[in-house]
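This is a predicted model, with the sequence first.
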Amino acid sequence: MSKQSEYVRRTYSITAQRYDMILKAYKVLGVNLERWRSDAIAKLPSISSARLLDVGVGTGKNIPHLISRYPDYQEIVGIDYTPAMLVRGQKLVRDNEWEKVGLVLGDARRLSEYFTEPFDLIISTYSLSIIPNSPLVLKEIRKLMKSDTYLHLLDCQKFKGILRIYNPLAILLSTRLGGSNETYSVPVSDISSRMFKSIFRRTFYAGLFYEDLYNGSKVS
């Protein structure tokens, strides 16, 4: 395990105990992570009897929104690197008695070692800016996509242009959720746009956050 990976797991083990409090603190700054999450998932394309994968599932915040959007889902699988986060996620699943929902402890940079069949939708929410070597995660995601698989990313990135003077503050806030200058500096949205066929792309909150939707068709 690399030092960065150890840092992420250690930080998220602490974060798991105060995750809701951190989200509320962000909301005061106008960073409404929960509303952006629910709004984005509600707008995802229709899929019948879908197999869904949540990369960086954490405490399971995406799961109720996925179930609401895809009530006839075939299976929902989440993977996360931090046991403490998954404990909370598994409790959420048990308390709601959700069926066909499984959470896996594992490294997103080795997705194809845990899963062999493709999914209909793969999502990653506020995770790739935290994971070391996130381009490797994207390559692993590629292996689990069919031509009609959708990939949805919702995350944060560095400010560009004149607003880049605020990047030190943005990175400092990111460290509270396990990020670092190294992970935060990777231009995931730009890399993804070269790997997958873009359906929808947007930035918001002065460009600090992005939402991308792709499918598995070859990029022309």
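Looks like it arrived, so ask away.

can you tell me the average pLDDT over stretch 43-63?
Mean pLDDT, computed over stretch 43-63, is 96.

and that stretch, C-alpha only, in CSV?
Listed in CSV are the C-alpha atoms of stretch 43-63, where the atom choice follows Å, rounded to 0.1, in the frame of the first residue of the first chain:
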residue,chain,number,x,y,z
LYS,A,43,-31.5,13.3,-14.6
LEU,A,44,-29.6,10.1,-15.7
PRO,A,45,-30.8,8.2,-18.8
SER,A,46,-33.5,5.6,-18.4
ILE,A,47,-32.2,2.0,-18.2
SER,A,48,-34.4,-1.1,-17.8
SER,A,49,-33.3,-3.8,-15.4
ALA,A,50,-29.9,-2.1,-14.9
ARG,A,51,-26.7,-3.3,-13.4
LEU,A,52,-25.2,-0.4,-11.6
LEU,A,53,-21.7,0.2,-10.2
ASP,A,54,-20.8,3.0,-7.7
VAL,A,55,-17.1,3.6,-7.6
GLY,A,56,-16.2,5.1,-4.3
VAL,A,57,-19.5,4.3,-2.7
GLY,A,58,-18.5,5.5,0.7
THR,A,59,-21.4,5.6,3.2
GLY,A,60,-23.9,4.8,0.4
LYS,A,61,-25.2,8.3,-0.2
ASN,A,62,-25.9,7.5,-3.9
ILE,A,63,-27.8,4.3,-3.3
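
Just the buried positions in the lengthiest strand in the chain, please.
Secondary structure assigned by DSSP state E gives strand 145-156 as the longest strand of the chain. Using 16 or more other C-beta atoms under 10 Å as the test for burial, strand 145-156 gives 145, 149-156. Placement of C-beta: from N, CA and C, glycine included.

On the pLDDT front, check the residue lying farthest from the centre of the chain for me.
Farthest-out residue of the chain from its mean C-alpha position, per C-alpha atoms, centre = their mean: residue 162, at 27.5 Å. Looking at residue 162, its pLDDT stands at 71.

before we move on, the earlier item: Serialize the buried residues of strand 145-156 to CSV and add fields for distance to residue 81.
Compiled in CSV, these are given as follows (distance: C-beta to C-beta, whole Å):
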residue, distance to residue 81
145, 21
149, 23
150, 23
151, 19
152, 20
153, 18
154, 18
155, 16
156, 18
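
before we move on, the earlier item: return the distance of the residue farthest from the centre of the chain relative to residue 207.
Distance of residue 162 to residue 207, computed by C-beta to C-beta, to the nearest Å: 11 Å.

Helices along the chain, start to end?
Assignment of helices within the chain using DSSP state H yields the ranges 3-15, 19-28, 33-42, 63-69, 83-96, 111-114, 134-143, 167-175, 181-184, 188-195.
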